[in-house]
Every structure is written in C-alpha cells, then in structure tokens.
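In: quick one, fold the following:
(one chain, ligands or ions: 2)
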Amino acid sequence: MTDNKIDSVSAPAAVYFIFGATGDLARRKLFPALYSLYREGKLGERFAVVGLARRPRTNEQFRDDVFSSIGEFCRYKPGENEVWSAFSDHFTYLSLDTGNVDAFKQLKEHTEQLEAAYGIPGNRLFYLALAPELFGSVSRNLRDGGMLESSGWHRLVIEKPFGYDYPSAEKLNEEIRHVFREDEVFRIDHYLGKEMVQNIEVIRFANAFFEPLWNKNHIANVQITLSETVGVEDRGAYYNKSGALRDMVQNHMLQMLTMIAMEPPGRLDPESIRDEKVKVLRSVRRYASEEEVRDHIVRGQYSSGSLKGKALKGYREEDNVDPESVTETFFAAKLFVENFRWAGVPFYVRTGKRLPVKSTEIVVEFKNVPGNVLFARKQDLQPNLLVIRVNPMEGIYFRINAKAPGNDMKIQPVAMEFCQSCQVGINTPEAYERLLFDAARGEGTYFTRWDELAAAWKIVDPIAAAWRDYAIAPDEYPAGSWGPEKAERILSDDGYHWWPVNGQDEDHVVWVSNTDK
Ligand SMILES: NC(=O)C1=CN([C@@H]2O[C@H](COP(=O)(O)OP(=O)(O)OC[C@H]3O[C@@H](n4cnc5c(N)ncnc54)[C@H](OP(=O)(O)O)[C@@H]3O)[C@@H](O)[C@H]2O)C=CC1
Ligand SMILES: O=C1O[C@H](COP(=O)(O)O)[C@@H](O)[C@H](O)[C@H]1O
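Out: Ligands and ions are numbered 1, 2, ... in the order given. Predicted coordinates:
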C-alpha cells in the first residue's frame, strides 16, 4: 500500500466504487460531480467507475441512469456525442449486497480487469453512499474480499450522519478503523466543500486588516444562519430521528463556527488546520443543565403556515413523521468559545426548515466606535459588519460608515461588496465535485477528522439529553416565519438583533448591495 500523497494537479488514475449507485445521493450529486470533473480534464482518461447496489442493472441501463442524472443535475449537459460516449465507457455496474463477501471477491476480479484495461496502478476509492449501518460491514468485506490487496492507495469516503450520538459514532469509527487508517478515511461534510466556507481562511489569514481585529476586543458577536425554505420533503423517516440538531448543527453549523474561530494554523496543511479546529470545538461551552439549555438554546418545530402565498402543512402532517413528534426543525443557540481570543463573545447560530429564505450567511459584527464623542447623531452609527455569503449567493460584503453626500455631517452605512457568484456564476464547482476531487488526490483538509467529530458530538449530546430528560419540547413557529420568538430574544437580551440575510427586511438596515438592487 502506498502513502496517501497529495496530487495537486489532477486526480491520479483510479477506480471509483460508488456503493449505493442506484440511490438519491449518487443520482443528484455524485454522477454530476464525476461528469464535471471529467469535462474539466481533472479525471483524465485512466479511470473507471463501478456502480454497486443490490438491484440488477446492465451496464447499459446503468449508463442510461447516469445520463439522465447528469442531464438533470449537472452544470454541464451531456449530449449524445463523443464526449458522453467516451465518458460513459468508463462506467460499469455490478449487483452486490454489502453483506455478501463472495460478491466482493467477484468485484475484485472485475476491478483487476478494469485496472489492466485502463493502466490503473491499484488506486481504489470507495464512496459509501449508503446508510451508515452498512459502513462497518462494507469495510470488513472490502478487506475479506481481497479488495485492499492492490499495490496502490485505498481511500474510503463516507457520508453523514456519522452516528446518532458520541457512543454510536465511536462504535462506527472503530469498525472502520479496524480496516482503514485515519488518513485513508474521508468523512464528508459537504459544507466544507463550499467555495465560501473554504474562502474563510483566506479572508482571515491573507488580509492584513482582519486578523488584528479578529478577537473579543473588536468583535461584538458572530451570527451564523443556515436557513432553508424546504420542509423535510421525502426524508421524513430519517429526519424525524435526527432533527435539526443532528442533521445540521453537529456538522455544518459547528464546522462553520470552527472556521471563523480557529487560530491561524502553523502551516496550511490538513493536519495543522484540523488541529486548530479541534481546539475550537473543545473550547465551546457545553450546556447540560436544564437552566443552561433553556437559557441558551431555542428548539422549534414548524406548524402550518405559508410561504410566498403558498399554504404549507405543519411538520407533524408530513409523510413518515409521527403526528406527535417532538423533533425540532429549528435550532438557535447562543454559544461561547471559551478561550483567550473569544472570551465573552456570543456566537449566535440558527438553522431551520420552512424559513422565509434559502440562505447561509455568516455575519461578524464589530464593536462600535465611541460615537457620542465625535458624532452628534449617535443613532446614525451602525456597527461595521463583515458578511460572508455562503449560499446560494456567494461573496463577501463589508459594511462601513461613510458621510452621506450633502452639507450635513450625516452618516450612512454603505456596502463594499465582492459578489463572487455574479462573476463566476454557475461555473463555481459544486461542493461534491470539489470534495470528490480532493479525496481522489488525497487532500484531507476539508474532510472531518475523527477527533473533530467526537468533539462535536460532545457539544450536541448534552443538549439532546437535556431536551429528553427535562421534557423540553419544541416551540411552534408557523412555516414561512423566522422561527420561534425566543430566537429573537437570545439576541435582544444582549442588545443585538439578527442581521437580515439576503437583503431581506430592508428597513432594518441600509443594505446597499449591487446584487440586491
Ligand atoms: N441524498 C442526499 O442528498 C444526501 C444523502 N446523505 C447520506 O448518503 C447516504 C445515502 O443516501 P441516499 O442516496 O439518499 O439513500 P437512498 O436510500 O436513496 O440510497 C441508498 C442506496 O443504498 C443501496 N443499498 C441499500 N442497502 C444495500 C445493501 N445491503 N447492499 C448494497 N446496496 C445497498 C440502495 O440500492 P439497492 O436498494 O438497489 O440495494 C441505494 O442505492 C446516507 O447515509 C445519507 O444519509 C448525506 C447527505 C445528503
Ligand atoms: O446535510 C444536509 O444539508 C442540506 C442543506 O444543504 P445545502 O447545501 O442545500 O444548504 C439539508 O437540506 C439536509 O437536511 C441536510 O441533511
């Protein structure tokens, strides 16, 4: 087995095994990502893709599935042309039950033929687009079926959710680690693949004027919003067991928080960056008592309401959801990173389904200057904001105070904006594309290391336990609203408010943005 060296130019020759090839994730994200990488020349020609699932498919049927998935979800559209034909030739399908070791032996033979045909030196990437309960048995059968005996590298890419709580995550991790080394495991958090989340470290560490201000002396609070307009769609059965805390907070929200709060790493390599992120997670204040949880956390569930004039049903009426469910579809919290840099600075986070807009934004609110000394109209002074727009708009927005044109010394907030999506638009690589490419070239920075996951569960578990033990049920909010009223209160008690996202609620703040005009 060779080392997991990073190839920075293009993906090395490899076989990609897509377990769960007939499923939703493969169809919506993985096949389109592979096609985009191919179209951009990042896969080269020395690769093969093997689709694996239980239901029978011929190679032709499988290629047809891939074709329609790409047509629907990829930013490059496949025509019935030479490019498509050359690409699809790389795809084959094998019907396999992950519990059957003999099927893996058959897979080994199939793989060796492909490797000989394409000149692939035994590099194998296993993408598990499967329910997590199957991760352990797949890992074992890959080993017992001889799939890890090739001379190249072996990488295991796994999806969230990684466990239901810390003990189950630890058990899952042990099962995987019996077979794969930590540096061979790539745990996906697709938020880490988003352009603007990756941009945070550049904004912070490549600009002279942010880092000196990036601390408790100058930052009043940080707000992280990940709002969705969708409900639970057809994922009621999964979501009802998970809820917003496990579905979004344990992973995406805490990952964004760590990117904002981490110390500059000694070097920009995966381990140094992830070392710093783990330190942040370990410094997050843990809430466990009933009082702490009630005071700092908001748990909500949407009831019937409306959005853009469309009537929407409540969560409990959704398919495959228990009509008496106490699962939260909204989560907000006031968190603290208890270290020297951030002592006393609140990090307000909120995420929810059936909110008014689809938006992920991070707002860093700076402390105000002592306005009453120089400026008569103190109320004109608005705090400086740095807004990182993650999704769906991508860009950076910096709000400063300037003199309003005219004879009076009147102050108005103005915006300086870099709208990345206006410039590169739909060509921005999608998160899965970037992460698949990173995994194929052994670049682990934007994957979650086990100790990060463990630390995140240790923040989330006591909250879930307090909700259960003290019967803290979610507060209702009408679909299409910004969550329970208490979500405003956790800020207003401190003299703050949520800054509007996506230029919503314009009377709250002068939000002069080129993209919003
Ligand atoms: N869909 C999404 O957008 C996202 C999904 N995820 C995660 O990705 C994983 C896959 O999700 P998703 O694609 O939605 O799930 P689906 O239920 O759509 O697909 C599951 C896949 O697993 C295959 N499968 C199930 N049991 C076996 C088995 N014993 N042996 C071989 N194949 C099996 C199914 O095929 P068959 O029945 O033919 O065997 C199917 O291809 C999950 O962990 C999910 O949480 C994470 C983020 C987003
Ligand atoms: O992981 C998940 O993320 C999506 C939101 O992702 P985005 O990239 O569209 O913002 C969420 O809808 C889903 O519930 C969750 O499992």
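In: get me the contact residues on the chain for ligand 1.
Out: Within the chain, the positions lying close to ligand 1 (Cβ under 6 Å from any ligand atom) are 20-25, 28, 53-55, 96-99, 129-132, 134, 159-161. Just so you know, the C-beta spots here come from the backbone N, C-alpha and C atoms, and that holds for glycine as well.
In: mind checking how far the residue nearest to P462 when sequence neighbours are not counted is from ligand 2?
Out: Nearest residue to P462 in three dimensions, chain neighbours excluded: A288, at 3.8 Å (Cβ to Cβ, 6 or more residues apart in numbering). According to Cβ to the nearest ligand atom, to the nearest Å, A288 and ligand 2 sit 26 Å apart.
In: next: R316.
Out: 18 Å.
In: and for V157?
Out: In terms of Cβ to the nearest ligand atom, V157 sits 15 Å off from ligand 2.
In: check contacts around G71.
Out: 77-78 (Cβ atoms under 8 Å, 6 or more residues apart in numbering).
In: still on that earlier bit, helix or strand for the residue nearest to P462, which one?
Out: Following DSSP states H and E, there is no helix or strand that holds A288.
In: V424 falls within a helix, correct?
Out: Yes. Under DSSP: H, G, I helix; E, B strand; the rest coil, V424 sits within a helix.
In: and it, how many neighbours?
Out: 12 (other Cβ atoms under 10 Å).
In: how about L281, nearest residue that isn't a chain neighbour?
Out: That would be A455: by Cβ to Cβ, 6+ apart, it lies 3.6 Å from L281.
In: and the contacts of the helix or strand encompassing the one you found?
Out: Element membership of A455, judged by DSSP H and E, is helix 450-469. By Cβ under 8 Å, 6+ apart, the residues outside helix 450-469 that reach it are 162-163, 165-166, 169-170, 173, 177, 182, 185, 187, 245-246, 249-251, 254-255, 258, 274, 277-278, 281-282, 284, 286-290, 292-293, 297, 299, 328, 472.
In: if we use 7 Å, what do you get?
Out: Applying Cβ atoms under 7 Å, 6 or more residues apart in numbering, the contact partners of helix 450-469 are 162-163, 165-166, 169, 173, 182, 187, 245-246, 249-251, 254, 274, 277-278, 281-282, 284, 286-288, 290, 293, 297, 299, 472.
In: does that helix come close to ligand 2?
Out: No. Against ligand 2, helix 450-469 shows no contacts by Cβ under 6 Å from any ligand atom, the least distance being 13.9 Å.
In: now for the helix or strand following that helix, which elements pack on it?
Out: Following helix 450-469 in sequence order, the next helix or strand is strand 475-478 (DSSP H and E). If you count contacts as 3 or more Cβ pairs under 7 Å, 6 or more residues apart in numbering; DSSP states H and E, strand 475-478 packs onto strand 297-303.
In: so what strands line up beside the next helix or strand after the strand it packs on?
Out: Using DSSP H and E, the helix or strand that follows strand 297-303 in sequence is strand 305-307. The strands beside strand 305-307 in its sheet (DSSP bridges) come out as strand 310-312 (antiparallel).
In: ok and the residue in the stretch 301-450 of the chain nearest ligand 1?
Out: Y432 (9.3 Å; Cβ to the nearest ligand atom).
In: same check, this time on the chain
Out: For the chain, Cβ to the nearest ligand atom, closest residue to ligand 1: G23, 2.2 Å.
In: residue contacts, the nearest residue to that residue once chain neighbours are set aside?
Out: Counting by Cβ to Cβ, 6+ apart, A129 is the residue found nearest to G23 once chain neighbours are left out, at 5.6 Å. Contacts for A129 (Cβ under 7 Å, 6+ apart) come out as 18-20, 23, 25-26, 30, 159.
In: where's the dip in pLDDT among those residues?
Out: For the contacts of A129, the model is least confident at E159; its pLDDT is 91.
In: list the contacts of the closest residue to that residue other than its chain neighbours.
Out: Once flanking residues are discounted, E159 sits nearest to I188: 5.4 Å by Cβ to Cβ, 6+ apart. I188 makes contact with 157-160, 435, 447, according to Cβ under 7 Å, 6+ apart.
In: surely I400 meets V414?
Out: Yes. Contact between I400 and V414 holds when scored by Cβ atoms under 7 Å: they sit 6.2 Å apart.
In: between the two, which one's more packed in?
Out: V414 (15 against 12).
In: residue numbers of the stretch 301-450 of the chain in contact with ligand 2?
Out: Counting by Cβ under 6 Å from any ligand atom, the stretch 301-450 of the chain sits next to ligand 2 at 360, 391.
In: pick out the residue of the stretch 301-450 of the chain closest to ligand 2.
Out: For the stretch 301-450 of the chain, Cβ to the nearest ligand atom, closest residue to ligand 2: N391, 5.3 Å.
In: which stretches of the stretch 51-200 of the chain aren't confidently modelled?
Out: Along the stretch 51-200 of the chain, no part satisfies pLDDT under 70.
In: please repeat the previous calculation with a cut-off of 80.
Out: Applying pLDDT under 80 to the stretch 51-200 of the chain flags the ranges 80.
In: which residues of it fall in helices?
Out: 59-73, 82-88, 101-118, 135-144, 166-177, 195-205 (DSSP state H, counting those that start in this stretch).
In: ok, residues contacting the fourth one?
Out: Spelled out, it's helix 135-144. Contacts of helix 135-144 (Cβ under 7 Å, 6+ apart): 19, 98-99, 101, 104, 126, 128, 130, 148, 156, 158, 172, 175-176, 179-180.
In: the second one too?
Out: Judged by Cβ under 7 Å, 6+ apart, the contacts made with helix 82-88 from elsewhere in the structure are 35, 38, 63, 66-67, 78.
In: now do 8 Å
Out: 35, 38-39, 45, 63, 66-67, 78.
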